[in-house]
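Student: following is a predicted model, sequence given first.
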Amino acid sequence: MNIRSEIVGCGSYLPERIVTNDELSSKLETTDEWIQSRTGIRQRHLAADGELTSDLALKAAERALEHAGIPATEVDMVVLATTTPDNTFPATATKVQHRLGMINGAAFDIQAVCSGFVYGLAIADNFIKTGQCKTVVLIGAETFSRILDWEDRTTCVLFGDGAGAVVLRASEGDPEANAGEAGHNRGPGILSTHLHSDGATNDLLYVDGGPSSTQTVGHVRMNGREVFRHAVTNLAAIVEEALDANGMSPDDIDWIVPHQANKRILDGTARKLGLPVEKIVITVERHANTSAASIPLALDEAVRDGRIKKGDLVLMEAMGGGLTWGAGLVRW
Ligand code: ACO
């Protein structure tokens, strides 16, 4: 039997408070013009005092389960991608598990920074394909504002808070749709996932604290130019890897749902691949970079507004600290 993972629901949550570039420029030496021209960002949402990553994650997961029409009691795994857990331990996923009312299975966090959602997609897909799980809730949730140095204008203007989630379910696929040559590409489900990392580039993007090193939480530090250069190269390569693995070309893609770091990275990657910008789902102007949450936030928006339709080929890709990067190709 050929088990596949299908995405059967999605949901997202953004904190109420919106902070515009103009509001930032009243406290920092920056301007709306500088931020928009360098990144495409106009505003970001920031979590309220006392609003935690688990609160954001729970709301996104509840909405995804409601969208899928699946009760939490049927979920057998929660995978939560985050760089900003509530506490060093226990895993924030276990809090979400409890608050969802999930009574079976396991819950754990994973850490691949901005690539966390595609790493989680690979993990969930493999647990489902091996028959170990039937229903997985995969969440990307961040309160990145808590690890920003609000006096460092080179980083703090780039990020925001939010959460997104998908529900994945084991399916045997549609034998009709999957019949014939390269038929495995036609039925709904995850076609393939691809992950990479290169620890030699740790110092390009990191947090200068942690429980074992400084016993403090620390702040984001980044060499923006170098990250930008690696992003365009690595993201174009991972898209090609995913398409090659499935015998496809860029023309086959209906939608790219990328990690939303910077509009110029999205444009640069599209140019390198010869892809029209109209095929990219873009939310960075309103959400800024929400790290592991950015892909499921964008996905939820494009599914609910009808852009992504049944049968579409959707490619998700991301790069983040580590550096880590990855992609997932999904037939909707
Ligand atoms: N407002 C005004 N001026 C600023 C700001 C700001 N917020 N930040 C930096 N500057 C200044 C710098 O101090 C510098 O001034 P100087 O020339 O007097 O020294 C000048 O602007 C140019 O700085 P650069 O860093 O060279 O600017 P650049 O054009 O490279 O843009 C940016 C910076 C936007 C960070 C860019 O490098 C970038 O997008 N990098 C990718 C980083 C990214 O997206 N990281 C997210 C995490 S990784 C990921 O998710 C893929």
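Tutor: Nice, thanks for sending it over.
Student: give me the domain ranges for this protein.
Tutor: Split into domains by automatic domain parsing, the chain comes to 3-172, 189-331.
Student: how far off centre is the first one?
Tutor: Read that as domain 3-172. Computed by C-alpha atoms, centre = their mean, to the nearest Å, the chain-centroid distance of domain 3-172 equals 7 Å.
Student: close to the ligand, is that domain?
Tutor: Yes - Domain 3-172 comes into contact with the ligand (C-beta under 6 Å from any ligand atom), by way of 30, 34, 35, 38, 39, 114, 153, 154, 157, 158. For every residue, glycine as well, the C-beta is placed using N, CA and C.
Student: what about the nearest residue to the fourth one once chain neighbours are set aside, distance to the ligand?
Tutor: Which is residue 38. Computed as C-beta to C-beta, 6 or more residues apart in numbering, the closest residue to residue 38 that is not its neighbour in sequence is residue 264, at 7.1 Å. Distance from residue 264 to the ligand, counting by C-beta to the nearest ligand atom, to the nearest Å: 6 Å.
Student: buried deepest among the domains of the chain, which one?
Tutor: Highest mean neighbour count among the domains of the chain (mean count of other C-beta atoms under 10 Å): domain 3-172, with a mean of 21.
Student: so where is the chain shaky, pLDDT-wise?
Tutor: Scanning the chain for pLDDT under 70 picks out 1, 173-186.
Student: ok, which stretches of it are strands?
Tutor: 4-13, 17-20, 43-46, 77-81, 106-110, 135-143, 161-171, 189-197, 205-207, 220-222, 255-258, 313-320, 324-331 (DSSP state E).
Student: with distance to residue 231 added, can I get those strands in TSV?
Tutor: Output for the strands of the chain, formatted as TSV (distance: least, C-beta to C-beta, whole Å):
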stretch	distance to residue 231
strand 4-13	23
strand 17-20	24
strand 43-46	19
strand 77-81	18
strand 106-110	21
strand 135-143	18
strand 161-171	20
strand 189-197	13
strand 205-207	10
strand 220-222	12
strand 255-258	10
strand 313-320	5
strand 324-331	8
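Student: if we can go back for a sec, tell me the one of the residues of domain 3-172 next to the ligand nearest residue 91?
Tutor: Taking C-beta to C-beta as the measure, residue 91 lies nearest residue 114 of these, at 19.3 Å.
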